[in-house]
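Participant: How does the following fold in three dimensions:
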Amino acid sequence: MAENMSVVLNVNGAGRSVSVEPRKTLADAIREDLGLTGTHLGCEHGVCGACTVLMDGEVVRSCLMLAVQAGGAEITTIEGIGQGDDLHPMQQAFSEYHGLQCGFCTPGMILAGIDVVSRNPDPSRQEIREEMGGNICRCTGYQKIVESVQAAAAAMSAEGGSA
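Facilitator: As a prediction, the model looks like this:
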């Protein structure tokens, strides 16, 4: 068995040193070592998008990345975008526009939505569908998810900011 490695993971604005096996995924380190269970594991092959996090502002599948590869990067999980009742506009829109059902895919969907809007503040319905096509939801027909992202984009634009 390989010897553990020490890595500093900068997650949600806080640097935390963890000792991990070299083969441990970022998703497992986030969930098991940092106790941030909002990052979900679905397929563990990078297909479903449930494990989506933002790394240095870009979408990554944390089930496909090793924790040691993320050392020094800025990682944002679902726990890092809203605090208590002070929801991020994307979270608020998913709630108001019913963009979630069971909630399993929701953290990945919200972070993917933030990524879409950060790159295109006024995405069309088709652009949202294309950009978020790598996130799978088994409960919805995606219509409400697309509406949620559009509503969040409008709210974020009105606030004068992005993600």
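
Participant: quick one: contacts of stretch 12-25?
Facilitator: Defining contact as Cβ atoms under 8 Å, 6 or more residues apart in numbering, one finds that stretch 12-25 is touched by 1-2, 4-10, 29, 33-34, 36, 62-68, 75-77, 79-80. Just so you know, the C-beta spots here come from the backbone N, C-alpha and C atoms, and that holds for glycine as well.

Participant: Chain neighbours aside, what residue packs nearest to residue 66?
Facilitator: residue 25 (6.3 Å; Cβ to Cβ, 6 or more residues apart in numbering).

Participant: Tell me how far that neighbour lies from residue 65.
Facilitator: 7 Å (Cβ to Cβ, to the nearest Å).

Participant: Count residues in the vicinity of the residue nearest to residue 66, would you?
Facilitator: As a burial measure, residue 25 scores 22 neighbours (other Cβ atoms under 10 Å).

Participant: Dihedrals phi and psi, the nearest residue to residue 148 once chain neighbours are set aside?
Facilitator: Computed as Cβ to Cβ, 6+ apart, the closest residue to residue 148 that is not its neighbour in sequence is residue 99, at 3.2 Å. Reported as degrees, to the nearest 10, the phi and psi values for residue 99 are phi -80, psi 10.
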